[in-house]
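>>> Prediction below, plus the sequence it came from.
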Amino acid sequence: MKDHLHIISDLLWEVCTEIDLHYDDKDFPSLGTMMFRVASGIAALRLDGIPVPEVANQMLAKYERAVGTLMH
């Protein structure tokens, strides 16, 4: 199971890096479904003690600020 979680970690890094590069702050409210999935991936990693990529934490925090709600 840990291998799957490491794959999730890698995917979170990839997706969140792309979000950071291609979306402006004003676009973040439109990322609701994607950020819900990011939040779910972060929660799965934390539950099993797998380090969360910092960019994933940063993008989730940026989304939460943009929409004014906490997802974690």
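Structure received. Numbering: from 1, shown residues only.

>>> what does the longest helix seen in the chain rub up against?
When the chain is parsed with DSSP state H, its longest helix is helix 2-22. When contacts are defined by Cβ atoms under 8 Å, 6 or more residues apart in numbering, helix 2-22 is touched by residues 31, 34, 38, 41-42, 44-45, 48, 50-53, 55-56, 58-59. Where you see a C-beta, it was placed from the backbone N, CA and C, and this is true even at glycine.

>>> List the buried residues for it?
Buried residues in helix 2-22, counting neighbours by 16 or more other Cβ atoms under 10 Å, are found at 5, 8-9, 12, 15-16, 19.

>>> tell me what whatever helix or strand comes next after it is packed against?
Going down the chain from helix 2-22, the next helix or strand is helix 32-47, by DSSP states H and E. With contacts taken as 3 or more Cβ pairs under 8 Å, 6 or more residues apart in numbering; DSSP states H and E, helix 32-47 sits against helix 2-22, helix 54-67.

>>> State the mean pLDDT of the first one.
I take that to be helix 2-22. Regarding helix 2-22, the rounded mean pLDDT is 94.

>>> Give me the angle between that helix and helix 54-67.
50 degrees (axes from the mean of the first three to the mean of the last three Cα atoms, to 10 degrees).

>>> Can you give me the neighbour number for P53?
21 (other Cβ atoms under 10 Å).
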